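>>> Compute the structure for the input listed below.
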Amino acid sequence: MSKITYNAESLKIMTLFEKVTRTRLKDYFSDENNLMTFVVDSPYVGKAIGKKAVNVKKLEQLFNKKIKILGFDKTPEKFVNNLIFPLKAQVNIENSIIIIKTQDTKTKAFLIGRNRSNIKNNLMIIRKYFRDIVNMEIK
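Predicted coordinates:
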């Protein structure tokens, strides 16, 4: 397993998140779509978000970016469901491939994203915790 390294900017962001939310941060990701994803343990997601999403709003103002708070779970299926929340889909794993089945085309399009950007970003996050996952399919 490779070591995780953070630069000074990432450490500042992570420390500020912990001070604002008063929760322990597990990990942090930023993508080219100006979305900052913070991973906390599942029981602390509500505390990290805050009443009426006050913590999320405060962090969005501080960073001037969209914020997503993600609950970590040890099972890949539950973790993927947390990752794609509030979208509803059925998540299965077959032969190290995550298969997400949706009911409508709008949800499917959102999961894929423009130029498959959402799939790439989500797969990068999933692979960090579940190294045996090879790919992701949206059906």
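>>> Please enumerate residues in contact with stretch 120-131?
Contact partners of stretch 120-131, identified using Cβ atoms under 8 Å, 6 or more residues apart in numbering, comprise 1, 27, 29, 31, 33, 35, 37, 39, 70, 72, 76, 79-80, 83-84, 98, 111, 113, 133, 135-136. Every residue, glycine included, has its C-beta placed from N, CA and C.
>>> Show me the domain layout of the protein.
The chain breaks down into these domains under automatic domain parsing: 8-72, 76-138.
>>> most remote residue from the chain's center?
In the chain, N95 marks the outermost C-alpha relative to the chain mean, sitting 22.7 Å out by Cα atoms, centre = their mean.
>>> nearest residue to that one other than its sequence neighbours?
Leaving aside its chain neighbours, N95 sits nearest to V134 (7.9 Å; criterion: Cβ to Cβ, 6 or more residues apart in numbering).
>>> Please state the backbone phi and psi of the one you found?
phi -100, psi -40 (degrees, to the nearest 10).
>>> what's it in contact with, if anything?
By Cβ under 8 Å, 6+ apart, the residues touching V134 are 95-97.
>>> Out of these, the closest to K88 would be?
Nearest to K88, judged by Cβ to Cβ, of the contacts of V134 is I97 at 20.5 Å.
>>> Roughly how far does that closest one sit from N82?
19 Å (Cβ to Cβ, to the nearest Å).
>>> what's the answer for I112, then?
Counting by Cβ to Cβ - I112 and N82 are separated by 19 Å.
>>> Likewise for K74?
K74 is 12 Å from N82, by Cβ to Cβ.
>>> same thing with N118?
From N118 to N82 the distance is 15 Å (Cβ to Cβ).
>>> who has more neighbours, the two?
Ranked by neighbour count (other Cβ atoms under 10 Å), N118 and N82 place N118 first, with 20 against 16.
>>> where's the one helix or strand the more buried one maps to relative to the chain centroid, distance-wise?
Assessed by DSSP states H and E, N118 sits inside helix 117-129. Centroid separation between helix 117-129 and its chain, computed with Cα atoms, centre = their mean, to the nearest Å, is 8 Å.
>>> Many thanks, I have nothing further to ask.
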